[in-house]
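S.K.: Kindly return the folded structure for what I paste below:
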Amino acid sequence: MSASFTVIIPARFSSTRLPEKALADIGGKPMVVRVAEQAQKSAARQTVVATDHPDIQAACTAHGIPCILTGEHHQSGTSRLAEAAQILGLPENETVVNVQGDEPMMPPETVAAVAAKLAQSGAPMATAACPVHDFAEFQNPNCVKTVLDRNGNALYFSRAPIAYPRNIMLSGSLKLPNPTPLRHIGIYAYRAGFLRQYAAMPPSPLETVESLEQLRVLWNGYAVAVALLDAAPPAGVDTYEDLARVRQLWQG
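M.R.: Okay, the predicted model is just below:
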């Protein structure tokens, strides 16, 4: 039996690199609507957009997408999710999947896989990872890596190459180590009760150093289960170039 879960899509109106990107047109519909329509294919019990702006809410309503208004004070998507879960009255143990509002190409299968991983584990939070097949990607700080314990939970997340292949690096080889390194994929599932705890945690020293918010969970002693995928999903939209790429993909 598949896990029951709710998808919440945090969508801010302001964006530094791409203003009002949640409303950017992709094939005749706002991007946030495309994200929600993709997420609905994951067999989620419900898919809801959580926004800080009435224009986004109006766009969602016009396309039949449930949307709730949340506060403008949120510094992270996780904090917005916590408020949304409270507004929706979700039970403490309900699985909530966070799909970013700029991920219109996120495969529904990935959403379902992260929800299933959380349901199968005893962890309060789950995420995803896939193999790294390129040495340059392994060294790239924009590619976040993770290492797992024997139970499939994250030991750490880092922008540095981990686990560090000492002998390979000393030899100057460009061969990837064994076991194959894992690239972290930024999609998360939480138990609704834990969302409120997470949002109340202060930033941790490790997340400040690495600029990786998920390290707050490990710092505070909680487990993060990791669903292993065959490949990374298509990249999201941060810039005008990204938007042009997604529009082209949408046109086929």
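S.K.: three-state assignment of I162?
M.R.: Following DSSP: H, G, I helix; E, B strand; the rest coil, the label given to I162 is coil.
S.K.: and if you look at A113?
M.R.: A113 ends up helix, using three-state DSSP.
S.K.: count of residues packed around the residue lying closest to it once chain neighbours are set aside?
M.R.: The spatial neighbour of A113 that comes closest, neighbours along the chain excluded (CB to CB, 6 or more residues apart in numbering), is A227 at 4.7 Å. The C-beta positions use only the backbone N, C-alpha and C, and glycine is treated the same way. Applying other CB atoms under 10 Å, we find 23 residues neighbouring A227.
S.K.: so what's A227 up against?
M.R.: 113-114, 116-117, 126-129 (CB atoms under 8 Å, 6 or more residues apart in numbering).
S.K.: distance between the ends of stretch 196-211?
M.R.: 21 Å (CA to CA, to the nearest Å).
S.K.: Do you have the strands of the chain handy? List them.
M.R.: Residue ranges of the strands in the chain, as given by DSSP state E, are 5-11, 25-26, 29-30, 46-51, 67-69, 95-98, 125-131, 145-148, 154-158, 182-191, 224-228.
S.K.: can those go into TSV with extra columns for distance to S211 and mean pLDDT?
M.R.: Shown next, in TSV, are these (distance: least, CB to CB, whole Å; pLDDT from 0 to 100):
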stretch	distance to S211	mean pLDDT
strand 5-11	18	94
strand 25-26	28	92
strand 29-30	29	94
strand 46-51	23	95
strand 67-69	29	93
strand 95-98	18	96
strand 125-131	16	97
strand 145-148	14	97
strand 154-158	11	97
strand 182-191	12	96
strand 224-228	17	98
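S.K.: for the ones you listed, which one sits closest to V237?
M.R.: strand 25-26 (8.6 Å; CB to CB).
S.K.: Return the list of strands paired to that closest one, each annotated with direction.
M.R.: strand 29-30 (antiparallel) (DSSP bridges).
S.K.: give me the number of residues near the residue nearest to V114 when sequence neighbours are not counted?
M.R.: In space, and not counting its chain neighbours, V114 is closest to A189: 4.5 Å by CB to CB, 6+ apart. By other CB under 10 Å, 30 other residues sit near A189.
S.K.: does A189 really touch A113, like I thought?
M.R.: No: contact between A189 and A113 fails when scored by CB atoms under 8 Å: they sit 9.4 Å apart.
S.K.: would you list every one of the helices in this protein?
M.R.: 31-40, 54-62, 77-88, 108-120, 135-139, 166-171, 192-200, 205-210, 215-219, 240-251 (DSSP state H).
S.K.: Save these as TSV, and put in mean pLDDT, mean neighbour count and distance to A232 too.
M.R.: Formatted as TSV, these follow (pLDDT from 0 to 100; neighbours: other CB atoms under 10 Å; distance: least, CB to CB, whole Å):
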stretch	mean pLDDT	mean neighbour count	distance to A232
helix 31-40	95	23	16
helix 54-62	94	17	27
helix 77-88	87	22	19
helix 108-120	96	21	9
helix 135-139	91	15	10
helix 166-171	80	10	23
helix 192-200	91	19	24
helix 205-210	94	14	19
helix 215-219	96	21	20
helix 240-251	87	14	15
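S.K.: Turn those helices into JSON lines, columns for distance to V96.
M.R.: JSON lines is the format used below for these (distance: least, CB to CB, whole Å):
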{"stretch": "helix 31-40", "distance to V96": "12"}
{"stretch": "helix 54-62", "distance to V96": "18"}
{"stretch": "helix 77-88", "distance to V96": "6"}
{"stretch": "helix 108-120", "distance to V96": "9"}
{"stretch": "helix 135-139", "distance to V96": "30"}
{"stretch": "helix 166-171", "distance to V96": "40"}
{"stretch": "helix 192-200", "distance to V96": "5"}
{"stretch": "helix 205-210", "distance to V96": "21"}
{"stretch": "helix 215-219", "distance to V96": "14"}
{"stretch": "helix 240-251", "distance to V96": "25"}
